[in-house]
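[1] sequence-free structure coming up:
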């Protein structure tokens, strides 16, 4: 059995890599070659297995690698553009995928060559995800998919999607689901923009009409889709709410900067508000760090729901405080024309954008109401809500 990788070992490997791969002044082609080489050297996800971008090291060493490459001026993989792939698709493929699926998908996912999206929610099945109606029917050595998905971030630039579909309507709703990887360029896939409150169309609705998916793009067993989806959802909540941030990173950093730059509008009441939000943001950041460390032992648990809930609440309160601080200036927008952005950016653009975009934080990745139920039942051990539809065949449920 190989000796575990230490921090000293990792730093030595990174130094050797950077000596052979100068990160300075790379054009687009050289940038991609650099990222591919970093993946092949096991310096992408250092906690992933050898051969899949990692060194089978402890997850706590990932920030060491990321910080070292950032300090060297190395190009990143545009995480705001490929966050769904990094935070949701990759850990799901790692846990439930075949060797062939891991080899095919993980490298171009990490380098950013292929963008991913998530096809879970539907018009009639948002918070009740297990009630979804998109059907997947056997067709020789593959499947035919028909249905509609909604609130799909980055579908307009995605090459691949992780998708949950119903393969058996004659069993209870959680039991009849199967998880697939979908080619977004396949015939029968139609992506339409959904204009949001911000004026952007980061979200989309996706229509599937007779879309053929080969069986080798099925992730997990037939009928085991809910189990696979739980890996995705738990990782999604950690990736949204528990991302690695420095102190004063994220939305609280934007507010603190605005406070320091505008002494003329400071009031004792506003000072108290910002200090309380700063302390809560720091507590949330440290909690997110602890939850990410738990990922080293496998799939995250329900604690990720608490991190995501805190993220949504704080973002909304912080963005509202920033508007109060900036006054009329915070209401200005350069343009309300619809655009389809290339990435998901919670903290960018202007104060008005941040305030409006934060409203979606309590919906995406699981609504705050659903997360509170998960925390109550699975963290606090409170009695579960009565459920009368868990033993009824999906086809017999009212819709």
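    Perfect, thanks for sending it. Because the structure is predicted, anything quoted here is derived from the model rather than measured.
[2] Point out the other elements, helices or strands, that the worst-scoring helix or strand of the chain on mean pLDDT touches.
    Least confident helix or strand of the chain, by mean pLDDT, DSSP states H and E, is helix 225-241 with a mean of 80. Judged by 3 or more C-beta pairs under 8 Å, 6 or more residues apart in numbering; DSSP states H and E, helix 225-241 is in contact with helix 90-96, strand 160-166, strand 177-183, helix 268-294, helix 303-326. (Glycine included, C-beta is placed from N, CA and C.)
[3] Turn these into a markdown table, including mean neighbour count, mean pLDDT and distance to residue 44.
    Shown next, in a markdown table, are these (neighbours: other C-beta atoms under 10 Å; pLDDT from 0 to 100; distance: least, C-beta to C-beta, whole Å):
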| stretch | mean neighbour count | mean pLDDT | distance to residue 44 |
| --- | --- | --- | --- |
| helix 90-96 | 23 | 95 | 10 |
| strand 160-166 | 25 | 98 | 18 |
| strand 177-183 | 24 | 98 | 20 |
| helix 268-294 | 16 | 84 | 16 |
| helix 303-326 | 22 | 87 | 22 |
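[4] quick one, what contacts residue 362?
    312-313, 316, 368 (C-beta atoms under 8 Å, 6 or more residues apart in numbering).
[5] so how far is residue 310 from it?
    11 Å (C-beta to C-beta, to the nearest Å).
[6] what do you get for residue 67?
    For residue 67, the distance to residue 310 - C-beta to C-beta - is 25 Å.
[7] do residue 393 as well
    Distance from residue 393 to residue 310, by C-beta to C-beta: 38 Å.
[8] So residue 134 sits against residue 167, correct?
    No. Judged on C-beta atoms under 8 Å, residue 134 makes no contact with residue 167 at a distance of 10.1 Å.
[9] Compute the number of surrounding residues for residue 135.
    Neighbourhood size, residue 135 [other C-beta atoms under 10 Å]: 16.
[10] so what's the backbone phi/psi at it?
    The phi and psi values for residue 135, taken as degrees, to the nearest 10, are phi -100, psi 140.
[11] May I have the beta-bridge partners of it?
    residue 146, residue 166 (DSSP bridges).
[12] so it touches residue 148, yeah?
    No. Between residue 135 and residue 148 there is no contact under C-beta under 8 Å: 11.1 Å.
[13] Domain-wise, how is this protein divided?
    Annotated domains of the chain cover 1-76, 230-379 [automatic domain parsing].
[14] that older thread, which of the contacts of residue 362 lies closest to residue 284?
    residue 313 (9.2 Å; C-beta to C-beta).
[15] Report the contact partners of the closest one.
    Counting by C-beta under 8 Å, 6+ apart, residue 313 has contacts 362, 368.
[16] what's the distance between it and residue 236?
    17 Å.
[17] Perfect, that will be all.
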